[in-house]
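>>> sequence and predicted structure below; questions after.
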Amino acid sequence: MPTIHLTDVSVKALKASQKSVTYFSDQTPGFGIRVGKRSRTWIVMRGRTRERIWIGTYPQTSLADARKKAMQLLGTEKSPVKPKVKTFREARTQFLDEFFRGKSAAWKRNVTTYLTVCFKKLDHHKLDEIKDHEIKACLDAVHETPSQQLHAFRAMRCFMRWCVRPPQRFIKHSPMEGYPPPGKDRKKTRILNDQELKAVWLAADTYPHSVIRLIILWGTRRSETCVIERSWVIDRVLTIPGSATKNGRDHAIPLLPVAQSLLDGMPAQECYFLRSRWAHSHLSREGLSKAQKEVMERSGTSGWTLHDLRRTFRSNMARLRITRETCEALINHAPRVLDEIYDRYDRLDEKREALERYEAFVMKLIGVEYSPAVSGGMSVGSVGTFAGNCSDEVMLAAKMLVAKHFADLVGDPAILMAMMDLRHKATTENDSVSLLASLPPTGSNSTERRPLLHAPSLARATSDTPPEAPRRVSASR
C-alpha cells in the first residue's frame, strides 16, 4: 500500500480508480484515505488484527478533522502531561523541608520521628493509593503507648492536609478526613516521692544513665537535654538556644557543682555532652528510653516517665518556696503574651539561687553533705544566712572588712550588699576575732580558716577614730 504526504492539495490531486486504492499518511501511521471510482473515504487501521474503521468521506470531512479523529482512535492525541504521583516517602521529605521552614527544630524532630517510625510501612506506597485502613494498621501497632499513638495520628493528619492544599495538591482528598482520633489528651499528675527520687538518683550512676540525674536537677525536657552542646556553656551558664527548645525561646541554666560534675564526667566528645554510639551524634530518643528502662529496673521503681521527673522538679521547687515566676523560668514555660513582650528579665540570679537550694535538697535526700563551690566558698544565699545569724555585738569595723574581703574576692556587688546589711555595732576586740574565725574558707578548694587581719588591726579599727570607708565596687565587676 502506497504512502504519501497527505495535504489538502495532495488529496485533491488523487485520481479516481476502477480498483480501490488506499493511501496511508507518512506522518500518522495507520491513518489514510481510500480512493475508489466515485468516492474518497478516510480510514484508520489499528491493532494486531489490522481492524479498519471508517471515519468519514472527503470533502465532507476535511483532512484536519479526519486526522484528529484518527489520532483519538489511535491513542496518539496530545493530552496534558499528568504529574507523577509521589510516594509517601518522597512527599514526607518535601513536607518536612517546606512546612517546618522557620519553625521550631524540636517540633520538626518530633514529627519526623512519628512519620518515619510509626508509618515506615507506607514509605513506598503512592499517595493516592494509601487507604484509611492502612493508616489504622500503623496506628494500632503503637497502641501500647497511647500518647505516642495520638501524636502520630496528629502528625499524619497534618501531613495529609498539607498534601491536599495548593500548591502541592498531590492528592484530591485526604484519607484521614473524618478519621476519629485514637484517644484524648490526658493530664498526668504523677510525681516521684522522696524515696523514689532517691532510688532513681542512686541507680543512675553510670553513663548514659546519668542523663536522668541531669533531668532531675534541671527539670528540662528530654528533647532539650539530649542535644546540649559543649559550646553552649559560657561563664558557667548553659544556654540552650531557641532552635533546640519547644517554645523557641533561649533557656539559660546556671551550672552548680553537682550538675557541673555530671557534665565533667560525660565521655569526651568534641560537640555534644551526651553522645550516641556514633561519636558525631548526640544521644537519641531511643537511647534515652533504653537508659530510663534500665534505671527503672535498677531502682526497683515503676510507672514513671521522663516527663514525670520534670513535674517532680517543678513540684519540689514550689515545696522549697521558690517563687512561681522563677519556677516557670526554670522549666522554660512560655510566659503570657504581655509578659513576654514587656518582661525581658532573664532571672539568672534567681535561677542560680533556686538551683543551689534544689541541689542541696537532693544531696540531703541521698545523705551527702552539700557545699556549693561558688563565691569563694560562700554563695549569696549563704552570706545572707550568715548575716542573719550574727550576734548583736558584731563590730562595725569587722562588717566593713568582711564586705571588702568578699568584694575583692569575687567582685560580686550582691555579696557586698548582703554583707553591708549587717546593721550591728562593734564593742570588743574578742568579738571581732570570733567573727573572722567563723568565716568560711577564702577559696573553693581551701580547707583552712585564716583571719583576714590580725587583732591589733581590728583594735585600731574599733577606736574612736572613724573607720576608713570601704572601697566601692563597681557594678560592672
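In hand now; what should we look at?
>>> hey, let's count contacts and neighbours off CA atoms from now on
Noted.
>>> any idea how many residues pack against residue 318?
Using other CA atoms under 10 Å, residue 318 is surrounded by 14 other residues.
>>> and the one helix or strand residue 113 maps to, which residues are buried?
Element membership for residue 113 (DSSP states H and E) is helix 105-113. The neighbour-count check on helix 105-113 (16 or more other CA atoms under 10 Å) flags 105, 106, 107, 108, 110, 111, 112 as buried.
>>> again, but for stretch 84-102
Neighbour-count burial for stretch 84-102 [16+ other CA under 10 Å]: 86, 87, 88, 89, 91, 92, 95, 96.
>>> let me see the contact set for the fifth one.
Contact analysis of residue 91 by CA atoms under 8 Å, 6 or more residues apart in numbering lists residue 163.
>>> which single one of the buried residues of helix 105-113 is nearest to residue 190?
residue 110 (23.1 Å; CA to CA).
>>> and the gap between residue 39 and residue 145?
Distance from residue 39 to residue 145, counting by CA to CA, to the nearest Å: 80 Å.
>>> quick one: which of those two has more around it?
The neighbour comparison of residue 39 against residue 145 (other CA under 10 Å) goes to residue 39, with 13 against 10.
>>> confirm residue 43 sits in a helix?
No - using DSSP: H, G, I helix; E, B strand; the rest coil, the assignment for residue 43 is strand, not a helix.
>>> run a quick neighbour tally on it.
Residues lying near residue 43 (other CA under 10 Å) number 24.
>>> right, and it touches residue 52 too?
Yes - using CA atoms under 8 Å, residue 43 is in contact with residue 52, at 6.5 Å.
>>> domain map for the protein?
Following automatic domain parsing, the chain resolves into domains at 3-74, 88-164, 194-365, 376-461.
>>> find the nearest non-adjacent residue to residue 143, please.
Excluding its sequence neighbours, the residue lying closest to residue 143 (CA to CA, 6 or more residues apart in numbering) is residue 149, at 6.0 Å.
>>> how close does the one you found sit to residue 160?
Distance of residue 149 to residue 160, given as CA to CA: 17 Å.
>>> what are the boundaries of the strands in the stretch 101-250 of the chain?
233-234, 237-240 (DSSP state E, counting those that start in this stretch).
>>> now the last one: buried residues?
In other words, strand 237-240. Residues of strand 237-240 classed as buried: 238, 239, 240 (neighbour count, 16+ other CA under 10 Å).
>>> tell me the helix or strand right after that strand.
Per DSSP H and E, the helix or strand that comes after strand 237-240 is strand 251-254.
>>> let's see that following strand as CSV, backbone CA atoms only.
Extracted C-alpha coordinates of strand 251-254, given in CSV (Å, rounded to 0.1, in the frame of the first residue of the first chain):
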residue,chain,number,x,y,z
HIS,A,251,16.8,28.8,78.1
ALA,A,252,19.7,29.7,80.4
ILE,A,253,20.7,27.2,83.2
PRO,A,254,23.4,28.2,85.8
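>>> that one: partners in the sheet, and parallel or antiparallel?
Paired neighbours of strand 251-254 in the sheet (DSSP bridges): strand 237-240 (antiparallel).
>>> mean confidence score for the partner strand?
Strand 237-240 carries an average pLDDT of 94.
>>> what sits up against that strand?
Strand 237-240 has contacts (CA under 8 Å, 6+ apart) with 224, 228, 232, 233, 250, 251, 252, 253, 254, 255.
>>> what distance do you get for residue 153 to residue 142?
The gap separating residue 153 from residue 142 is 11 Å, by CA to CA.
>>> more neighbours, these two?
Comparing residue 153 with residue 142 by other CA under 10 Å, the one with more neighbours is residue 153, at 25 against 15.
>>> my read: the more buried one touches residue 139, true?
Yes - in this structure, residue 153 is within contact of residue 139 by CA under 8 Å, at 7.1 Å.
>>> residue closest to the middle of the chain?
Centroid-nearest residue in the chain: residue 106, 2.1 Å away (criterion: CA atoms, centre = their mean).
>>> next, the contact list for that one, please.
With CA under 8 Å, 6+ apart as the criterion, the residues that contact residue 106 are 223, 224, 243, 244, 245, 246.
>>> now do residue 351
Residues in contact with residue 351 (CA under 8 Å, 6+ apart) are 253, 254, 326, 329, 330.
>>> same check on residue 220?
By CA under 8 Å, 6+ apart, residue 220 lies in contact with 310, 331, 332.
>>> repeat that with 10 Å
Listed by CA atoms under 10 Å, 6 or more residues apart in numbering, the contact set of residue 220 reads 214, 226, 245, 251, 253, 306-307, 309-311, 313, 330-332.
>>> same question for residue 284.
Here residue 284 is in contact with 222, 223, 226, 227, 274, 275, 276, 277, 290 (CA under 10 Å, 6+ apart).
>>> wait, doesn't residue 225 sit right on residue 219?
Yes - judged on CA atoms under 10 Å, residue 225 makes contact with residue 219 at a distance of 9.3 Å.
>>> how much space between residue 184 and residue 153?
Distance from residue 184 to residue 153, by CA to CA: 11 Å.
>>> just give me the neighbour total for the nearest residue to residue 152 once chain neighbours are set aside.
Of all residues not flanking residue 152 in the chain, residue 114 sits nearest, at 5.1 Å (CA to CA, 6+ apart). A count of nearby residues for residue 114, using other CA under 10 Å, gives 19.
>>> can I take it that residue 90 is in a helix?
Yes - the assignment for residue 90 by three-state DSSP puts it in a helix.
>>> could you find the closest non-adjacent residue to the residue of the chain most remote from its centre?
Most distant residue from the mean C-alpha position of the chain: residue 18, 86.9 Å away (CA atoms, centre = their mean). Spatial nearest neighbour of residue 18, excluding adjacent residues (CA to CA, 6+ apart): residue 37 at 5.1 Å.
>>> contacting residues for that neighbour?
Residues in contact with residue 37 (CA under 10 Å, 6+ apart) are 15, 16, 17, 18, 19, 20, 21.
>>> and the residues you listed, which is closest to residue 3?
residue 21 (11.0 Å).
>>> can you list the low-confidence ranges for the stretch 201-350 of the chain?
For the stretch 201-350 of the chain, the stretches flagged by pLDDT under 70 are 279, 337-340, 342-343.
>>> same thing but 90
Flagging of the stretch 201-350 of the chain using pLDDT under 90 yields the residue ranges 207-208, 222-223, 242-249, 265-271, 274-287, 333-347.
>>> so where do the helices sit in it?
For the stretch 201-350 of the chain, applying DSSP state H, counting those that start in this stretch gives helices covering 210-218, 222-225, 257-264, 285-299, 306-319, 324-330, 337-342, 348-365.
>>> helices and strands around the second one, which ones?
Helix 222-225 is packed against helix 105-113, helix 210-218, helix 285-299, helix 306-319, with contacts defined by 3 or more CA pairs under 10 Å, 6 or more residues apart in numbering; DSSP states H and E.
>>> can you tell me what sits against that helix?
By CA under 10 Å, 6+ apart, helix 222-225 touches 106-107, 109-110, 211-212, 214-215, 218-219, 240-241, 243-246, 251, 273-274, 282-285, 288-289, 306-307, 310.
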